[in-house]
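coords please:
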Amino acid sequence: MNEKKTVLFLMNGFGIETKKSFEVYSKENMPTFEKLIANYPFKLLYASGEMIGNNRGESSNFRDGYYNFATFGNPNTKDNILRKKIASNEFVKNPIVNESIDIALKNNSRLHVIFALGNRVNKEIYDQLNTYIELAKSKGIKEVYAHLVLGYSSVRDLKIGTKCINEFKNRVIRYYPIVKIASICGNKYMHDGNHDDISNFYRMMVSGVGEIWTDYDGTLKKKYERGMTDDTVNGFLTIKDNLLHENDSILMFNYANNIGTKFFTTVLDPKKFFPTSKVPENINVRALFTITGLPDIPFAFKEELPEVYFLNKIPETKKILVMGSKERIPYITSCLNGERKQFKDNVSVWPIDITKNRFSAISQYLAAYINKDIYDLIIVDCQLYEPSVDERTIEQIKNNMKELDKCINITYTQSMEKNYRLMITSLYGISYTFKLTQTMELVDLSEKTPFLLIDKEIRKVDMVFKNTGTYLDISRLIGFSFGYLINNNLVALEVPGGSKKKGINKKILLIVPVLLLLIFVIYYFLYMNGII
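So this is what the prediction gives:
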């Protein structure tokens, strides 16, 4: 595929409903997109399951999508890092890992672990936790208190929480009865919730003021009936004896940098939030990896930077622009740049400080940048659903699709005017529950994502895709088109030059047999007349 100025339009969160959950996509919602599908090369790419290295039925998410895209499908995740450390025996020898256990032994205090649960059953992550518990047990720890966080990498299905807790029991407590479930909470208490909620959850953990339940199934059922999800369910203790005490030790199993930031701010400086209350002022905190904004928390392992990353494989002579919401752009650019903070001179970043009316804002900014004609590659992140501003209703999703379609229409028009190549796709779909009148319905757009290639020189019949492909192939295809020689598993055959050369090939195929027939007739005539 020839080199050409390109727009990669990522309508992230958008996928094709391959399961009959609740039908939300329609031609009426996205007429422009349907028209483009009919006229340009189009293919569905796998975004879940074994095809992208996940468990069966396990879909990609925002973090997976960008990290896989940025490393051309060869991510170096924290899970992979820990797997290597365990295999080389470095995990059990690591001083921070051992220190978290030794502190509890020295102070005759309690050992706690914070562990996130989601819909994906990652056996290796459970093995990593069990390796730690085995080490603690061998050192003489009699009890380990587990604080479980629901909703991490979860589909946020209404009843996934109970399944996650049972999975934890089967994979951890079944083999290590010394593990006691101390508390359970939604993801917002360890991730992005407001500080008041997080502080109240901490107060419950140290004082027992709040909900205390031992019937997990019953508790979650009642919370779900109130409209909560695994992500938002407010925290509860499982038994009052499992509280955090002075000099206790906590190890955070953090597979994302920002998990625990606000929570540990409260843990490390409780008097700031509870000046008149009696709360533990010395709780020892350790983590497997760094926690964003909290450099004083000792961590066990450094993240290993990927050797191959997207922005490094686009020639420095090419100008690149990355657009996205102000909230998401730091993570997006970090992935694309291989977790490196410094960009090369050819890379520009444009954070969009608008989320509510993001579709119209993105279309205006994007059209202006295409019109300037100074960037060789523009990557724009346009989220179908933004939990922080959008209502959790199916009507909202349908309206977002209509607005997204208008944005695509403007981008398409401007791209064709400037003769840009336009790729419209998604790095992940969504599988959330949305409200429909009085009920909650699952919208499942997570199994496959669309890939649409729009180019004046390439018609639908000019491009043949391979039978299978994944969203991982998108970055490979872009890298290939800009001169990076990487194996591309998407395009099987291209007829260069479009319909004109295709017509020439057809004429050649017609002329050759006619000439052969004519030669045969002449030979036969000469032979019958004794000339030869």
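
Flag every buried residue along stretch 8-22.
Buried residues in stretch 8-22, counted by 16 or more other C-beta atoms under 10 Å: 8-17, 22. (Glycine included, C-beta is placed from N, CA and C.)

could those residues go into JSON lines alongside pLDDT?
What follows is these, written out as JSON lines (pLDDT from 0 to 100):
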{"residue": "Leu8", "pLDDT": "97"}
{"residue": "Phe9", "pLDDT": "97"}
{"residue": "Leu10", "pLDDT": "96"}
{"residue": "Met11", "pLDDT": "95"}
{"residue": "Asn12", "pLDDT": "94"}
{"residue": "Gly13", "pLDDT": "92"}
{"residue": "Phe14", "pLDDT": "93"}
{"residue": "Gly15", "pLDDT": "89"}
{"residue": "Ile16", "pLDDT": "82"}
{"residue": "Glu17", "pLDDT": "75"}
{"residue": "Phe22", "pLDDT": "71"}
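
can you tell me how far Asp217 sits from Asn166?
Applying C-beta to C-beta, to the nearest Å, the value for Asp217 to Asn166 is 9 Å.

oh, I was asking about Ile374
In this view, Ile374 and Asn166 are 55 Å apart by C-beta to C-beta.

How about Ile379?
Look at Ile379 and Asn166: by C-beta to C-beta, they are 41 Å apart.

who's more crowded, those two?
Set Ile379 next to Asn166 and count neighbours by other C-beta atoms under 10 Å: Ile379 wins out with 23 against 12.

Quick one: classify the more buried one as helix, strand or coil.
At Ile379 the chain is in strand, as set by DSSP: H, G, I helix; E, B strand; the rest coil.

quick one, what contacts it?
Counting by C-beta atoms under 8 Å, 6 or more residues apart in numbering, Ile379 touches 8, 10, 320-323, 336.

if we go to 7 Å?
Going by C-beta atoms under 7 Å, 6 or more residues apart in numbering, Ile379 touches 8, 322-323.

try Cys382
Contacts of Cys382 by C-beta under 7 Å, 6+ apart are 9-11, 358-359, 362, 404, 407.

just those residues now: which is nearest Lys137?
Set against Lys137, the nearest of these by C-beta to C-beta is Leu10 (46.2 Å).

Before we move on, what's the pLDDT of the closest residue to that closest one other than its chain neighbours?
Nearest non-adjacent residue to Leu10, counting by C-beta to C-beta, 6 or more residues apart in numbering: Asp381, 5.1 Å away. For Asp381, the model assigns a pLDDT of 95.

just Lys319 next, same as before
On the pLDDT scale, Lys319 gets 96.

got a list of what it touches?
So Lys319 contacts 346, 374-376 (C-beta under 7 Å, 6+ apart).

So it versus Lys372, what's the distance?
11 Å.

try Pro41
From Pro41 to Lys372 the distance is 27 Å (C-beta to C-beta).

In terms of neighbours, single out the busier of those two.
Per other C-beta under 10 Å, whichever of Pro41 and Lys372 has more neighbours is Pro41, with 20 against 10.

can you pull the pLDDT of the more buried one?
92.

I'd assumed Ile454 was in contact with it.
No: with contact defined as C-beta atoms under 7 Å, Pro41 does not reach Ile454; the gap is 8.4 Å.

okay, the closest residue to Asn39 other than its chain neighbours: pLDDT?
Distances taken as C-beta to C-beta, 6+ apart put Lys460 closest to Asn39, at 6.1 Å, once the chain neighbours are dropped. At Lys460, the model reports a pLDDT of 85.

Quick check: Lys460 vs Ile37, distance?
Remark: distance between Lys460 and Ile37 (C-beta to C-beta) = 9 Å.

Comparing the two, which residue is more hemmed in?
With neighbours defined as other C-beta under 10 Å, Lys460 and Ile37 compare such that Ile37 has more, 16 against 12.

What residues does the more buried one make contact with?
Leu452.

where along the stretch 201-350 of the chain do the helices fall?
Under the criterion DSSP state H, counting those that start in this stretch, the stretch 201-350 of the chain carries helices at the ranges 216-225, 261-268, 270-273, 329-336.

which stretches of the protein have low pLDDT?
Applying pLDDT under 70 to the chain flags residues 1, 18-21, 119-121, 152-159, 192-193, 257-258, 485-489, 491-515, 520-521, 523-532.

Domains of it: list them as residue ranges, please.
Following automatic domain parsing, the chain resolves into domains at 6-70+310-496, 78-287, 498-532.

So what's the gap between the second one and the chain middle?
Relative to the mean C-alpha coordinate of its chain, domain 78-287 is positioned 23 Å out (C-alpha atoms, centre = their mean, to the nearest Å).

and that domain, how far apart are its ends?
With C-alpha to C-alpha, to the nearest Å applied, domain 78-287 spans 12 Å between its terminal residues.

Now for Met440, how many residues are close by?
Other residues within reach of Met440, judged by other C-beta under 10 Å, total 18.

That one and Thr449, how far apart?
24 Å.

With Ser388 instead?
Counting by C-beta to C-beta - Ser388 and Thr449 are separated by 22 Å.

out of the two, which sits in the busier spot?
Comparing Ser388 with Thr449 by neighbour count (other C-beta under 10 Å), the higher total belongs to Thr449, at 30 against 9.
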